[in-house]
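K.L.:
Got a sequence here, can you model it:
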Amino acid sequence: MAAAEGGDDLLSSGFWAASSGAVRAPLSGPAEPPARCVCYGLGRFGRCPAARYQLAFLLLLLEELRVPPGRCALFDPAFSAREAAETPGAEPGAAGARGRGSAVTGAAGPGQEGKHGVQGAATLFYMVHCGKALYNNLLWSNWSPAALSKLVIIGNSFRGIEERLLSRILERDYSYIAKVLKGVEEVALPSHPRYLDTFNDTSVHWFPLDKLQELSSEVWDFVEEPMYQDCEDLEIIRKGEEATAKS
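P.N.:
Take a look at the predicted model:
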């Protein structure tokens, strides 16, 4: 399958080997290894080469971190019916994918907008090139030191988001990203000429409990759900917009 071929390309190019240090960085401390995985925003992997490489990377990642493939759920409102049904047992709103002899299946649930709680289990969130609101919503859904310390996020660099946005915009529209910047560790995936558009600006993020506990109590007191009423460039598909995303 295309995902398996993409994995072979990632291995032969050396990109996966160069990325393994960043992938394992969150495990160098006391944090527990992820027991499950949620993937958002993969895109149309049935017809997009970049999405197929990202899927192949995810499959290699599950092997490296020993996350059982059956405990990985993929969700993107843009998935076609064929992509969503590729693995038997996948529910609407989820996609299954086979590659390198493993099955990835499950349901993250349609219309979540990234609002997914870890529910006490160490969880890897694979969110390459997702919109800022999706990361912000995920943080809000896990807004406590205990929950955030169980998150590993592979996605757009938080440092890059901070550098590109005016501070007032970051604090107004994406306040949970802004507030957690002093409590996050980040390691960038390496740059590779073959995958510049596929994994550019992608980092591994994790949240050491000791760093989170150093943040002021005021940081944790504000738990208002993000609404984005004044956001002019909202990069997220809202509930009820899934059908439009597939067209």
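K.L.:
in the chain, what spans have low per-residue confidence?
P.N.:
1-5, 46, 76-112, 235-247 (pLDDT under 70).
K.L.:
I'd guessed residue 153 sits against residue 138; true?
P.N.:
Yes: counting by CB atoms under 8 Å, residue 153 touches residue 138, with 7.2 Å between them. Backbone N, C-alpha and C define where each C-beta goes, glycine included.
K.L.:
list residues touching both of these two?
P.N.:
125, 127 (CB atoms under 8 Å, 6 or more residues apart in numbering).
K.L.:
Who has more neighbours out of these two?
P.N.:
residue 138 (29 against 24; other CB atoms under 10 Å).
K.L.:
so the more buried one, which of the three states?
P.N.:
Three-state assignment for residue 138 (DSSP: H, G, I helix; E, B strand; the rest coil): helix.
K.L.:
Let me see the contact set for it.
P.N.:
If you count contacts by CB under 8 Å, 6+ apart, then residue 138 has 114, 115, 116, 125, 127, 151, 153 around it.
K.L.:
and what of residue 187?
P.N.:
Per CB under 8 Å, 6+ apart, neighbours of residue 187: 21, 22, 25, 203, 204.
K.L.:
Mind giving me the ChimeraX select for those, buried ones only?
P.N.:
The following ChimeraX line selects those of those that are buried, judged by 16 or more other CB atoms under 10 Å:
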select :22,25,203,204
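K.L.:
need the contacts of residue 187 in a markdown table with secondary structure, can you?
P.N.:
As requested, these are arranged in a markdown table below (three-state DSSP):
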| residue | secondary structure |
| --- | --- |
| 21 | helix |
| 22 | helix |
| 25 | helix |
| 203 | strand |
| 204 | strand |
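K.L.:
with the contacts of residue 187 in mind, which one is nearest to residue 121?
P.N.:
Taking CB to CB as the measure, residue 121 lies nearest residue 204 of the contacts of residue 187, at 18.6 Å.
K.L.:
what is the closest one paired to in the beta sheet?
P.N.:
Counting by DSSP bridges, residue 204 is bridged to residue 154, residue 187.
K.L.:
before we move on, the earlier item: from the contacts of residue 138, which is closest to residue 73?
P.N.:
The closest of these, once distances to residue 73 are taken by CB to CB, is residue 116, at 9.2 Å.
K.L.:
Now for the contacts of residue 138: which two are most distant?
P.N.:
Counting by CB to CB, the most remote pair of the contacts of residue 138 is 115 and 153, 14.3 Å apart.
K.L.:
Longest helix in the chain, please.
P.N.:
Counting residues, the longest helix found in the chain (DSSP state H) is helix 49-65.
K.L.:
Identify the farthest-apart pair in the contacts of residue 187.
P.N.:
21 and 203 (12.6 Å).
K.L.:
how about the strands in the protein?
P.N.:
Assigned by DSSP state E, the chain shows strands spanning 36-40, 72-75, 97-99, 102-104, 123-127, 151-156, 185-188, 202-206.
K.L.:
Provide a list of residues in contact with the residue nearest to residue 195 when sequence neighbours are not counted.
P.N.:
Take residue 195 and drop its neighbours on the chain: the residue closest to it by CB to CB, 6 or more residues apart in numbering is residue 15, 5.9 Å away. Each residue near residue 15 by CB under 8 Å, 6+ apart is listed here: 190, 192, 194, 195, 199.
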